[in-house]
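>>> Here you go, sequence then predicted model.
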Amino acid sequence: MEYLPKDPAILVSSVNMLLRDEEFDTLESLCYAFNKEPQDIKDYLYNRGYVWSEHQKQFRPIGYDQWFSSFFLFKNTYWWYLQNFN
């Protein structure tokens, strides 16, 4: 890859793939290889609906973690209800 894509969805996919496949160890090393500042990439993608997860080392849609947590809380509560009231 010679440059980072400008389209937000393709940029997220490319960055996540390069980090997942261990082409780069960190977001910072990836950005510097393409002459970009990490904070500029984070800001650009945040304004387009993505947030950097340091824990997962990838960009995720904003709110993904809240939806995911809510889903499992609902699922576990529903399972408990079925076990106790059926």
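Received the coordinates, thanks.
>>> which regions of this structure sit below the pLDDT cut-off?
For the chain, the stretches flagged by pLDDT under 70 are 65-81, 86.
>>> any chance you could map the strands in it?
Along the chain, counting by DSSP state E, strands occupy 50-53, 58-61.
>>> buried residues in the first one?
Burial within strand 50-53, assessed by neighbour count using 16 or more other Cβ atoms under 10 Å, is assigned to Tyr50, Trp52. The way it works is simple: take the backbone N, C-alpha and C, and place the C-beta from them, glycine included.
>>> Alpha carbons only: can I get that strand in PDB?
What follows is strand 50-53 as a C-alpha-only set of coordinates in PDB (Å, rounded to 0.1, in the frame of the first residue of the first chain):
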ATOM      1  CA  TYR A  50     -15.300   5.700  14.400                       C
ATOM      2  CA  VAL A  51     -13.300   5.700  17.600                       C
ATOM      3  CA  TRP A  52      -9.800   4.200  18.400                       C
ATOM      4  CA  SER A  53      -9.900   1.300  20.900                       C
END
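>>> That one - which strands sit beside it in the sheet, and in what orientation?
Partners of strand 50-53 in the sheet, by DSSP bridges, are strand 58-61 (antiparallel).
>>> Pull the residues that contact the partner strand.
Residues outside strand 58-61 that contact it (Cβ atoms under 8 Å, 6 or more residues apart in numbering) are Val12, Val15, Asn16, Leu19, Arg20, Leu45, Gly49, Tyr50, Val51, Trp52, Ser53.
>>> Please name the two of the residues you listed that end up farthest apart in the structure.
Arg20 and Gly49 (20.2 Å; Cβ to Cβ).
>>> neighbour count winner among these two?
Neighbours were counted for Arg20 and for Gly49 using other Cβ atoms under 10 Å; Gly49 has more, 14 against 11.
>>> tell me the contacts of the closest residue to that one other than its chain neighbours?
Excluding its sequence neighbours, the residue lying closest to Gly49 (Cβ to Cβ, 6 or more residues apart in numbering) is Ile62, at 5.4 Å. Going by Cβ under 8 Å, 6+ apart, Ile62 touches Tyr46, Gly49, Tyr50, Val51.
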